[in-house]
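Undergrad: build the 3D model from these lines:
(one chain, ligands or ions: 1)
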Amino acid sequence: MPRLAVLGHPVSHSRSPAMQNAALAALGLGEEWRYEAIDVAPEELEACLRALPGEGFAGANITVPHKTAAFALADVSSEGAQRIGAANTLVFADGQIQAHNTDAGGLVAALPVAPRGARALVLGAGGAARAAIWALRTEGAIVDIWNRTSARAEEVHLELGGLQIEVQGNAVTAIDQSAYELIVNTTAVGLHGEDPFAHLPLRRDGFSEQILVDMVYGDGPSTLSMAAAAAGATVVDGLEILVQQGALSLQIWTGLEPPLDVMRAAAYSLGDR
Ligand code: ATR
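TA: Take a look at the predicted model:
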């Protein structure tokens, strides 16, 4: 029986086991494959990853706080994982650990329109921001980066530069909110009930018919999402990105077309995350 898992710390809140097991069942693999959550402390990660193939694991998702460490431990990695410097999906095959990053593709897949040529603003400069910036620039969007600590925005901008794209955007400190067709919040603001308009360079009444992606997700729409939707923006929430990245991971492991509707229903039906 091939086994799969999500490795994180903590991980008990993860919706991935319910979502992936529902998908495996819908694909007729419910008897064969199983997906579980494994809580691994950072100092145990390497030993755990090295032991998993011997215990029948075919692959794993990697979540906070292990994405950078998992990438560093891999033997081979996809171009995206290399540029982002983090892995959220591993494959154990041929005695090797292969690293992928489906957070990037998951964001692009969750967008209602292809971002080519769009002016985009990414808020944040952590791992989630790096995946978003790399994904959007690779897709041909012009991506500005804002971060509370502006030096980090500069750093990420320069590190993720050098793609074969002439106009790729800048690290910015002042924002014209209405100038962007796409705004992506990758910061943690809102996760613990903070007022996003007090911490981010956005105005509650500054949204228009844009696309807003808020990676923060809880049990209902975020404050940012509600303000954007009220102004006629199209909102993409963090759960949809979870679904899309999970679908891409499942495709890598099984080679099969993921049942998106089943995965979405399972992810959204869980009250607590
Ligand atoms: P992840 O890897 O999940 O993106 P991270 O590396 O901890 O997480 O990054 C968190 C991001 O949220 C950072 O961009 C951080 O800004 P700083 O670089 O200035 O720390 C941002 N962030 C967290 N709390 C914030 C707040 N209250 N206001 C604005 N930005 C905040």
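
Undergrad: how about whichever residue of the chain sits closest to the ligand: what's its closest non-neighbour residue?
TA: Nearest residue of the chain to the ligand (CB to the nearest ligand atom) works out as residue 126 at 2.3 Å. Glycine gets a C-beta too; all of them are placed from N, C-alpha and C. Leaving aside its sequence neighbours, residue 126 sits nearest to residue 186 (CB to CB, 6 or more residues apart in numbering; 6.7 Å).

Undergrad: my read is that the one you found contacts residue 128, right?
TA: Yes - in this structure, residue 186 is within contact of residue 128 by CB atoms under 8 Å, at 4.0 Å.

Undergrad: between those two, what contacts are shared?
TA: Contact criterion CB atoms under 8 Å, 6 or more residues apart in numbering; residues shared by residue 186 and residue 128: residue 215.

Undergrad: got a list of what residue 103 touches?
TA: Contacts of residue 103 by CB under 8 Å, 6+ apart are 84, 86, 88, 128, 131-132, 135, 241, 245.

Undergrad: which residue is the nearest non-sequential neighbour of it?
TA: residue 131 (4.1 Å).

Undergrad: specify the local secondary structure of the one you found.
TA: Under DSSP: H, G, I helix; E, B strand; the rest coil, the three-state class of residue 131 is helix.

Undergrad: try the one 4 residues further on
TA: Taking three-state DSSP as the rule, one finds residue 135 in the helix state.

Undergrad: touching, it and residue 105? I think so.
TA: Yes - with contact defined as CB under 8 Å, residue 135 counts as touching residue 105 (6.8 Å).

Undergrad: between those two, point out the one with more neighbours.
TA: Taking other CB atoms under 10 Å, residue 135 and residue 105 do not tie; residue 135 has more neighbours (26 against 23).

Undergrad: mind listing what that one touches?
TA: 80, 103-105, 107-108.

Undergrad: how about residue 145?
TA: 121-122, 125, 129, 133, 153, 156-157, 169-172.

Undergrad: mind doing that once more with 10 Å?
TA: 120-125, 129-130, 132-133, 152-157, 160, 169-172, 186 (CB atoms under 10 Å, 6 or more residues apart in numbering).

Undergrad: residue 240 now?
TA: 106-107, 109-111, 213, 217, 260, 264, 267-268.

Undergrad: give me the three-state assignment for it.
TA: Three-state call for residue 240 (three-state DSSP): helix.

Undergrad: quick one: pLDDT of it?
TA: At residue 240, the pLDDT value in this model is 96.

Undergrad: now swap in residue 170 and tell me
TA: The model's pLDDT for residue 170 equals 89.

Undergrad: identify the bridge partners of the residue nearest to it when sequence neighbours are not counted.
TA: Closest residue in space to residue 170, ignoring its immediate chain neighbours: residue 144 at 5.5 Å, by CB to CB, 6+ apart. When assigned by DSSP bridges, residue 144 has beta-bridge partners residue 121.

Undergrad: circling back to that earlier point, quick one, which of the contacts of residue 145 are buried?
TA: 120-125, 129-130, 132-133, 152-154, 156-157, 160, 169, 171-172, 186 (16 or more other CB atoms under 10 Å).

Undergrad: within range of the ligand, give me the residues from this structure.
TA: Counting by CB under 6 Å from any ligand atom, the chain comes close to the ligand at 124-129, 147-149, 152, 186-189, 199.

Undergrad: switch the cut-off to 8 Å
TA: For the chain, the residues in contact with the ligand (CB under 8 Å from any ligand atom) are 64, 67, 86, 123-130, 147-149, 152, 186-189, 194, 199-200.

Undergrad: please enumerate the helices of the stretch 1-150 of the chain.
TA: Remark: helices assigned in the stretch 1-150 of the chain by DSSP state H, counting those that start in this stretch are 16-26, 45-51, 67-73, 79-84, 102-110, 127-138, 150-159.

Undergrad: I'd like the ones you listed as TSV, with mean pLDDT appended.
TA: Converted to TSV, the helices of the stretch 1-150 of the chain look like this (pLDDT from 0 to 100):
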stretch	mean pLDDT
helix 16-26	98
helix 45-51	98
helix 67-73	97
helix 79-84	96
helix 102-110	98
helix 127-138	95
helix 150-159	93
